[in-house]
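Visitor: here are the coordinates; sequence isn't available:
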């Protein structure tokens, strides 16, 4: 799959708008200032990013879901377990360091973040396309990065060798948490969406 540079720039703008919207939504949820910052969006080889994920030996918590409508695809938000526990403390308005291990509250926190991110990116694309885009209920996983990523890639089988990697960073109350955010689009719907988006800019 190839995406022209001008289309990647459009995606970058759309995703940045999505992150801004997600920041506001998450801030309201936790009643504290939160910034979900876009670091970069790039198209990477699946083989290369799979190797990178397999070499990342940290335990992760992930929210995986589908986007259905004018722009079809899968979305994966993945964060190190210690980062998820820190977000859980913020989310539940607890003192930092209260949460010690993955439980149903950690799952609920990451699930909610997945919902917020999916709704924000869905709304951003839908507003430009004038079409409805709905996320499915997220599935939360706690495992090593490579295992989670492999389940994203090979769950249904894919026909392309590229994936959109969006690097993001959480900034909460002077705490920065690096995380992964992947968007695996359906090629045909992505191409159609980008053509429409290009005309709107």
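Guide: Ah, there it is. If you're wondering where the values come from, they're calculated on a predicted model, not measured in any experiment.

Visitor: quick one: classify residue 57 as helix, strand or coil.
Guide: At residue 57 the chain is in coil, as set by DSSP: H, G, I helix; E, B strand; the rest coil.

Visitor: what helix or strand is residue 169 on?
Guide: strand 162-172 (DSSP states H and E).

Visitor: what does the helix or strand following that strand contact?
Guide: Where DSSP H and E defines the elements, the next helix or strand beyond strand 162-172 is strand 175-185. Contact with strand 175-185 is made by 15, 71-80, 83, 86-87, 96, 117, 121, 145, 149, 152-153, 158, 163-171, as judged by CB atoms under 8 Å, 6 or more residues apart in numbering. Heads up, the C-betas are built off the backbone N, CA and C, glycines and all.

Visitor: now strand 175-185 against strand 162-172, angle please.
Guide: In terms of direction (axes from the mean of the first three to the mean of the last three CA atoms, to 10 degrees), strand 175-185 departs from strand 162-172 by 160 degrees.

Visitor: filter the contacts of strand 175-185 to the buried ones?
Guide: The neighbour-count criterion (16 or more other CB atoms under 10 Å) marks 15, 71-80, 83, 86-87, 117, 121, 145, 149, 152-153, 158, 163-166, 168, 170 among the contacts of strand 175-185 as buried.

Visitor: in helices, which of the residues you listed fall?
Guide: Of the buried ones among the contacts of strand 175-185, the ones assigned to helices by DSSP state H are 15, 83, 86-87, 117, 121, 145, 149, 152-153.

Visitor: any stretches of this structure with poor pLDDT?
Guide: Along the chain, segments meeting pLDDT under 70 span 1-3, 70-71, 128-132, 155-160, 173, 187-191, 193-194, 196-201.

Visitor: 90 - rerun?
Guide: 1-50, 52, 65-77, 86-87, 89-97, 112-138, 149-201 (pLDDT under 90).

Visitor: quick one, strands of this structure?
Guide: Remark: strands assigned in the chain by DSSP state E are 34-45, 59-69, 73-80, 133-135, 139-144, 162-172, 175-185.
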